[in-house]
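Colleague: Here is my input; please provide its structure:
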Amino acid sequence: MRLRTTAVMASLALLTGCGAADMTRQASPFANARGAGTVTLSVQSWVGAQSNVAVAQYLLEHELGYRVDTVQVDEVPAWDALSQGRVDAILEDWGHPDQEKRYVQDKRTVARGGDLGVTGHIGWYVPTYFAERHPDVTDWKNLNKYAERFRTAESGGKGQLMDGSPSYVTNDKALVKNLKLDYEVVFAGSEAAQITQIKQFAKEKKPFLTYWYTPQWLFEKVPMTEVRLPPYKEGCDADPEKVACAYPHTPLQKYLNADFARNGGRAAEFLRKFRWTTEDQNEVSLMIAEQKLSPEEAAEKWVDSHESTWRAWLS
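Modeller: From the prediction side, this is the model:
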């Protein structure tokens, strides 16, 4: 659901929020190569996922001596790639219970890799500068009152609810319909494109309503306030067509190819132990997306200053 995922296009091509092509057939030939000292990691298209992979790759290569290959795969196709052994691990899954049932419980071709240590949450956000002037906008029941203020050329005569990529896990079209909101969901196309638009709105102090998620480094640059949707209750999002509730808070999970989990040696053990905080992830994400460091440079910088954290992953 970023959850629902959610990956900057050169570096941004690997960083944009959750991409649209099924790249499972382009996965690395090194995946699941037993005894070859190689590991293949799936990279989802948002910057937080890029940060996980950058640090894991750096440590696998520099501390454990593995060759690491990375492959960008969309959220759902990544599960197919993982099941087939085309990739060895997904380090940030935002909650795909149907895929988990199919591959972990039924086929048993995928194994749980444990918590990432980061809790993800998707929501609707307005810029804090607008919420401070219009505090009632943070209640979804008042959104229609502000629809005209959020209208854009892309949304026609309705207010715009900006989403990222159509491949993200999102309930927004159903929410707009079921909550009877006078809004149109408009896709920016990627996390990078969405960030560019948010920054432009903020620079001009314009109001906007956007699908967004935590953790995400952009909150440090553009403060945003969440709109309260109807409270989430277990099962309220079970039917995608009838969703009329908020997104849940989801502890993000890691998954390993089942053969790799059994035979991946120190690499598999390391990835199971890989667990860091939202602050850790945001620190690396900010270096990549805002300071324009390469993922390897950002990982090296983080590793140099956080040895007490990552050393435990190698024990």
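Colleague: Which other helices and strands does the longest helix seen in the chain contact?
Modeller: Secondary structure assigned by DSSP state H gives helix 47-62 as the longest helix of the chain. Applying 3 or more C-beta pairs under 8 Å, 6 or more residues apart in numbering; DSSP states H and E, we find helix 47-62 packed against strand 38-43, strand 67-72, strand 89-93, helix 265-273, helix 278-289, helix 295-305, helix 307-314. Placement of C-beta: from N, CA and C, glycine included.
Colleague: what's the spacing between stretch 55-72 and its chain's center?
Modeller: Centroid separation for stretch 55-72 versus its chain: 20 Å, with C-alpha atoms, centre = their mean, to the nearest Å.
Colleague: I'd like to know how far Tyr129 sits from Lys221.
Modeller: Going from Tyr129 to Lys221 by C-beta to C-beta, to the nearest Å gives 13 Å.
Colleague: Span of stretch 63-82 from start to end?
Modeller: 25 Å (C-alpha to C-alpha, to the nearest Å).
Colleague: That stretch: which residues count as buried?
Modeller: For stretch 63-82, a neighbour-count test (16 or more other C-beta atoms under 10 Å) marks 64, 66, 68-75, 77-82 as buried.
Colleague: got it, and stretch 259-275?
Modeller: Neighbour-count burial for stretch 259-275 [16+ other C-beta under 10 Å]: Phe260, Ala261, Gly264, Ala267, Ala268, Phe270, Leu271, Arg272, Phe274.
Colleague: got it, and stretch 171-182?
Modeller: Within stretch 171-182, the residues scored as buried using 16+ other C-beta under 10 Å are Asn171, Asp172, Lys173, Ala174, Leu175, Val176, Leu179, Leu181, Asp182.
Colleague: which of these are the two that sit furthest away from each other?
Modeller: Asn171 and Asp182 (17.9 Å; C-beta to C-beta).
Colleague: Can you spell out which helices and strands pack onto the lengthiest strand in the chain?
Modeller: Ranked by number of residues, the top strand in the chain under DSSP state E is strand 110-127. When contacts are defined as 3+ C-beta pairs under 8 Å, 6+ apart, strand 110-127 packs onto helix 75-84, strand 89-93, strand 209-214, strand 224-227, strand 249-257, helix 258-263, helix 265-273, helix 278-289.
Colleague: now these as JSON lines including distance to Gly235 and mean pLDDT?
Modeller: Shown next, in JSON lines, are those (distance: least, C-beta to C-beta, whole Å; pLDDT from 0 to 100):
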{"stretch": "helix 75-84", "distance to Gly235": "21", "mean pLDDT": "94"}
{"stretch": "strand 89-93", "distance to Gly235": "20", "mean pLDDT": "96"}
{"stretch": "strand 209-214", "distance to Gly235": "21", "mean pLDDT": "95"}
{"stretch": "strand 224-227", "distance to Gly235": "22", "mean pLDDT": "98"}
{"stretch": "strand 249-257", "distance to Gly235": "15", "mean pLDDT": "96"}
{"stretch": "helix 258-263", "distance to Gly235": "29", "mean pLDDT": "96"}
{"stretch": "helix 265-273", "distance to Gly235": "30", "mean pLDDT": "97"}
{"stretch": "helix 278-289", "distance to Gly235": "27", "mean pLDDT": "94"}
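Colleague: Now these in JSON lines, please, with extra columns for distance to Lys242.
Modeller: JSON lines is the format used below for the helices and strands packed on strand 110-127 (distance: least, C-beta to C-beta, whole Å):
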{"stretch": "helix 75-84", "distance to Lys242": "21"}
{"stretch": "strand 89-93", "distance to Lys242": "24"}
{"stretch": "strand 209-214", "distance to Lys242": "19"}
{"stretch": "strand 224-227", "distance to Lys242": "20"}
{"stretch": "strand 249-257", "distance to Lys242": "20"}
{"stretch": "helix 258-263", "distance to Lys242": "34"}
{"stretch": "helix 265-273", "distance to Lys242": "37"}
{"stretch": "helix 278-289", "distance to Lys242": "31"}
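Colleague: Which of these sits closest to Arg151?
Modeller: Among these, the nearest to Arg151 by C-beta to C-beta is strand 209-214 (10.4 Å).
Colleague: could you give the angle of the closest one to helix 47-62?
Modeller: Interaxial angle, strand 209-214 versus helix 47-62 (axes from the mean of the first three to the mean of the last three C-alpha atoms, to 10 degrees): 30 degrees.
Colleague: Run the chain-centre distance for strand 209-214.
Modeller: 12 Å.
Colleague: let's have the chain start at 22 instead
Modeller: From this message on, residue numbering opens at 22, which makes the last subject strand 230-235.
Colleague: by contact count, what packs against it?
Modeller: By 3+ C-beta pairs under 8 Å, 6+ apart, strand 230-235 packs against strand 131-148, strand 180-184, helix 212-224, strand 245-248.
Colleague: what do you get if the cut-off is 7 Å, keeping everything else the same?
Modeller: Judged by 3 or more C-beta pairs under 7 Å, 6 or more residues apart in numbering; DSSP states H and E, strand 230-235 is in contact with strand 131-148, strand 180-184.
Colleague: Right, I'll leave it there.
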